[in-house]
Each structure stands twice: as C-alpha cells, then as structure tokens.
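*Asks:* Next come a sequence and a model predicted from it.
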Amino acid sequence: MQRSSIYLLLVSVVGLVTLGVVMLFSTSAFAQECHGDIYYFVKKDAFWLVVGLGVCILGALTDYHLWQRTWKIWFGVATVLLALCFVPHVGMKINGSHRWINLHLLVFQPSELGKIATIFFVAWWFSREETDPRKFVDGFAMPIGVVLILIGLIAKEVDLGTAALIGATTLAICLVAGANWMLIVAMCGAGLTGLLGVAMFIPERAARMTSFLHPEADKLGKGLQQWQALIAFGSGGFEGLGLGEGRQKMLYLPYAHTDFIFPMIGEELGLRATWLVLMGYILIILCGGLIAANAKDRFGKLLAMGIILLISLQAAVNIGMTTSMLPNKGMPLPFISYGGSNLAVCLFMVGILVNIHRIGIPIAPVAERHVVLAARSVPRI
C-alpha cells in the first residue's frame, strides 16, 4: 500500500482533471463571458492544463529540499505580486475584488502563489532544529505573524475565503508540528470571530453570510446561486439527466463552469458521479497522508501534509458552499473547476508529492535484490 499510494493518488488526480475538462465542454458554452466563442474557456483551460502538466513534471523531478532553501524567494515574490493587484493598469478589479494581475499575455491570481509560499515557509520553520513548537513564540507567534503578511494582503483584495483557507492551513500545520493545541483552538475562535466581523461590515459579504441559511427566502438575490444549485442536484437525482443535458447552466446558475461546477456534475451525471468525486478527494487525502508519513525528513512530512490540507480544505469549502452547508464564497473545486492559476498550482503540488514519495521510499539496488531472491530460493534443511 505504501508504494502503490502514489499511483492511486495520480489516478484520482487524472480522473478529477478529466472530469473537469468534460464538464467544461458541457457548461462553458453558455457562460456570458465566452465572447461568442463556445470553446473560449476550453481553449484557455487547455493552455493552463499544459502549463500545469509542465510544472507538475518539474515538481516531480526537482528535489523538494530546493523549496526549503528558496522559501524566501517564493514568499517575497508572492508578497510583491499581491501588492501589484492594487496598482492601476496592472491589477484587475472584477466583481468588486482586486484578485487578478493582467500582464497582457497572462492573467492570473497571485493568491494562488501565496498558498504555496505559505506552505513552504511554515514547513521550513518547523523543520529547523532550533525551533521548539511547544514554545509560544516558536510554535505560534512567529509563524502566524509572518503568514499574516500574506493573509492581510489577500483579505484587502476582498478575498476573505482564500485568506481564511491559508489561515486554517497554517494553523493545521502548526498543530501537526506539535504546537500548543489550546493556542490553536483560541486562534481559530478569534479568526472566525474576526472574519465574521469583517464580513458583516461589507454589505455583499454580510448578505452571503445570511442567505445560505435560507436560500429560498432570497432566491432572486444573494441566495440565487445556492438555490439554483440545489435545484440542479434535485433534478439530476441518482442517474442524472445525461451529459450535456443539464438546464441550470443555461444562464440559470451563474458561474456554472467555475465555482458551481459541482452541482452541474450532480445534474448531468447524477448522485453516483458526485460520490465518485468525493471518493477521489478521499483517496487523495489518504494517499497523501501515507506519503507524508513515509517522507524522509521533517520538512518533507510537513510539506506533504500542508499540500494535502490545502487541497482537501479547498474542496470541502467548495462542496459545502454548493450544497448550502456553508456561505457562498467564490472558491474553485480543485482539479475540476475552470481556473487556470488554481489548476496549475494544484498540479504543481501534486508533482511535489510525487518527489517526496520518490525520495522517501528508496528502491533497493538491483544487486541487493538478486541476493535477497537467491537467499529465498535456497532450500531449508
């Protein structure tokens, strides 16, 4: 199981990516932003998929200790790019949020780079010999304080979901590294209270926070997406209406090809397909946990665990949001939703997991294996 875990993980990732491409073909033609080209999003996603496969191979072939030595570069670049989101003619404001950078040839979200930079830093911090995770400064104040630089910039973009995701992942890694669990619980409570407080001062976010409780009460306003998502799940049933036969994507459910692609899977392919998606993420979590447990050193363990936590928490938030279990928050479903920056970063992290697995499980030399086989073939007297 230990050696086959990476194959199960890769099969799950390939299956989710393939499903994402198929559903993008089915849903994106009806998007208002396709500019009259029914393959507009498909072509853009194909470009990012090629980029993602490239960085995945790069991550698989590069010794993961390089990220331990270069975390400062990643953190610095992420900080600069996040700051550029607020620079006119460079940063882009869409739907009231400054989340994108437009470099003419490339449009991407720096917050995705901020996710991986955070994991590199926290894994490096707790892998140092001089770091004592049981102490308040080493195990809590210092790592949280540094990560708050990125979280503050992302929150200023009005991207509270990603800020909360990075914060939750950081706290989880601190807990795994051996930090005081009471401090982590207190920080979770304070962070949740602060997040709710900030959201209530932003009218649009406050409406989202309350509408998910009763989406039918505001089904033409802030509860529209979640209400239509529930209709999609209900109309699909167990069998589904058939691939391409979904109705909610026909301008009833906004952003059906991005944040709300999970309900479209339920409508067109049925409940059994949504179960398979959940099983895919569960396999990724289990296989990633095995890779982390068998990593060669502490940095590899924490890096692998951070990657799995980030992917699983993001998937949980998206699925919870689209099923009205959580407030509406624009967050893509990993490997499936349209979103080039997120797809590339997720595939890069998968490549890093492959490298951690390769280095953490040494293969016995050929000569040694022959000796073992020969010893086994000697008859016992």
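*Replies:* Thanks, I have the structure now. Residues are numbered from 1 along each chain as shown.
*Asks:* Return the helix or strand in this protein with minimum mean pLDDT.
*Replies:* helix 366-377 (a mean of 45; mean pLDDT, DSSP states H and E).
*Asks:* shaky segments in the stretch 51-200 of the chain?
*Replies:* In the predicted model, the stretch 51-200 of the chain carries pLDDT under 70 at residues 95-96, 104-105, 194-200.
*Asks:* let's go with 50 and repeat that
*Replies:* Across the stretch 51-200 of the chain, nothing is flagged by pLDDT under 50.
*Asks:* So which residues of it form strands?
*Replies:* Here the stretch 51-200 of the chain has its strands, by DSSP state E, counting those that start in this stretch, at 91-94, 97-102, 107-108.
*Asks:* mind checking which of these is nearest Arg358?
*Replies:* Taking C-beta to C-beta, strand 107-108 is the member of those nearest to Arg358, at 28.6 Å. Quick note: C-beta positions are derived from backbone N, CA and C, even for glycine.
*Asks:* need the contact list for Met23.
*Replies:* Residues near Met23 by C-beta atoms under 8 Å, 6 or more residues apart in numbering: His257, Ile261, Met264, Ile265, Glu268, Ile336.
*Asks:* which phi and psi does the fifth one have?
*Replies:* To tie it back to what came earlier, the one meant is Glu268. Phi and psi for Glu268, reported as degrees, to the nearest 10, are phi -90, psi -30.
*Asks:* ok, it to Leu66 distance?
*Replies:* Distance of Glu268 to Leu66, computed by C-beta to C-beta, to the nearest Å: 42 Å.
*Asks:* between those two, which one's more packed in?
*Replies:* The residue with more neighbours, out of Glu268 and Leu66, is Glu268; 25 against 12, by other C-beta atoms under 10 Å.
*Asks:* tell me the SS of the closest residue to that one other than its chain neighbours?
*Replies:* Using C-beta to C-beta, 6 or more residues apart in numbering and skipping residues adjacent in sequence, the residue nearest Glu268 is Gly246, 4.3 Å away. Under the three-state scheme (DSSP: H, G, I helix; E, B strand; the rest coil), Gly246 adopts coil.
*Asks:* Return the residues in contact with Gly246.
*Replies:* Counting by C-beta under 8 Å, 6+ apart, Gly246 touches Ser26, Thr27, Ala232, Gly236, Met264, Glu267, Glu268.
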